[in-house]
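Undergrad: Let's see this in three dimensions:
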Amino acid sequence: MHTPTVKLTQDQIEFFHTQGYLSLGPLSTPDELAMMRSEYDRIFAIKAGRDRGEHFDLGSADADDQEAVLPQIVGVEKYAPAFKETLLAANVRQISHQLLGPDAVGGSGHAILKPARHGATTPWHQDEAYWDPAMEHFSISIWVPLQDVNLDNGCMHFVPGSHTLDVQPHHSINHDPRVHGLEIDDTPLVRSLIAGAVACPLVAGGATIHGGRMMHYAGPNRTDAPRRAYILMYATPARPLAQPRRFPWLEARKTARLERLAQARQREAGAVS
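TA: This is a model prediction of the structure:
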């Protein structure tokens, strides 16, 4: 069990709540990051969890015979147990409790890989656009690159203050319902906000933190090395909304990932019965 080594200052906490994001220095060590890179590359190489819908391509129709442009794995710790008890995890836990309170609970992490030279753009979006529209969510995402990250390989960009907006209309990338990834609709409001976006390059093991309604983006990877991002989420319990919303962009999706997920649940139900 690791003892946390990073604690936010009051100025950092206030910046997060007013601006909606935060950028931090290293939360891990070089040796730990080397181990995590090795495990990260291993689980992507074997497409861990693909038959369960836990490995999929965010940026394409996700066909089995197609090279992924923005592959993701959810439930990373299931496939790389060494990620569970790290200094990084201990620091993230402490920081999350500072920002959300002692009741904040961490779920499993996910990983988004931008392959060397052809890792795709992650379009502008709000994370809450992916979530249950009947609930009010209270969560943060701690986005950690396992190597230095900058404008050349896909660092994060944020729109300061956009966390105060409601969830804006979204659509599947390229308006293709077979694609899992979402993109915020191009509106005059969105265009005006994006003009004030801030890029956040980081050293390996650094972190950015944002909430579910923060507008954010990550550019393509134009370098000769993969861009590895590991994202941990912490949240307090979601609450039902008095007036539930509808997210038509979720209702319209028909992705290969959802099909594999449904098939896995059917297999599991059959095994139990």
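Undergrad: switch to C-alpha atoms for all contacts and neighbour counts from now on
TA: OK.
Undergrad: Quick one: the helices in the stretch 151-273 of the chain, in order.
TA: 188-194, 248-251, 256-272 (DSSP state H, counting those that start in this stretch).
Undergrad: So which bits of the lowest-mean-pLDDT helix or strand in the chain are buried?
TA: Lowest by mean pLDDT, DSSP states H and E among the helices and strands of the chain is helix 256-272, with a mean of 90. For helix 256-272, a neighbour-count test (16 or more other CA atoms under 10 Å) marks 256-258, 260-261 as buried.
Undergrad: so where do the strands sit in this protein?
TA: 21-24, 55-57, 71-74, 105-106, 110-114, 122-125, 135-145, 156-158, 170-172, 182-184, 198-200, 207-211, 216-218, 227-240 (DSSP state E).
Undergrad: deepest of these, which one?
TA: Of the strands of the chain, the one with the most neighbours on average (mean count of other CA atoms under 10 Å) is strand 55-57, at a mean of 27.
Undergrad: one step back: which one of the strands of the chain has the lowest average pLDDT?
TA: Mean pLDDT across the strands of the chain is lowest at strand 105-106; the value there is a mean of 94.
Undergrad: So which elements touch that strand?
TA: Secondary-structure packing of strand 105-106 (3 or more CA pairs under 8 Å, 6 or more residues apart in numbering; DSSP states H and E): strand 227-240.
Undergrad: and the strand it packs on, C-alpha only, in CSV?
TA: Listed next in CSV are the C-alpha coordinates belonging to strand 227-240 (Å, rounded to 0.1, in the frame of the first residue of the first chain):
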residue,chain,number,x,y,z
ARG,A,227,0.7,8.0,-27.1
ARG,A,228,-0.5,6.1,-24.0
ALA,A,229,-3.2,7.7,-21.8
TYR,A,230,-4.6,6.1,-18.6
ILE,A,231,-7.7,7.7,-17.2
LEU,A,232,-9.0,7.1,-13.6
MET,A,233,-12.5,8.3,-12.6
TYR,A,234,-13.8,9.1,-9.2
ALA,A,235,-17.4,10.0,-8.3
THR,A,236,-19.9,10.5,-5.6
PRO,A,237,-23.3,8.8,-6.1
ALA,A,238,-25.3,10.0,-9.1
ARG,A,239,-28.9,11.2,-8.4
PRO,A,240,-32.0,10.8,-10.5
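Undergrad: quick thing: my sequence starts at 33, can you match it?
TA: Sounds good: first residue 33 from here, last item strand 259-272.
Undergrad: That one pairs with which strands, and in what direction?
TA: Neighbouring strands of strand 259-272 in its sheet, by DSSP bridges, are strand 137-138 (antiparallel), strand 142-146 (antiparallel), strand 167-177 (antiparallel).
Undergrad: what separates the shortest one from the chain centre, distance-wise?
TA: Looking back up the chat, that one is strand 137-138. Distance of strand 137-138 from the chain centroid (CA atoms, centre = their mean, to the nearest Å) equals 15 Å.
Undergrad: So which residues make contact with that strand?
TA: 125, 264-268 (CA atoms under 8 Å, 6 or more residues apart in numbering).
Undergrad: picking that back up, need the strands paired with strand 259-272 in CSV with distance to residue 242, can you?
TA: Converted to CSV, these look like this (distance: least, CA to CA, whole Å):
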stretch, distance to residue 242
strand 137-138, 15
strand 142-146, 15
strand 167-177, 5
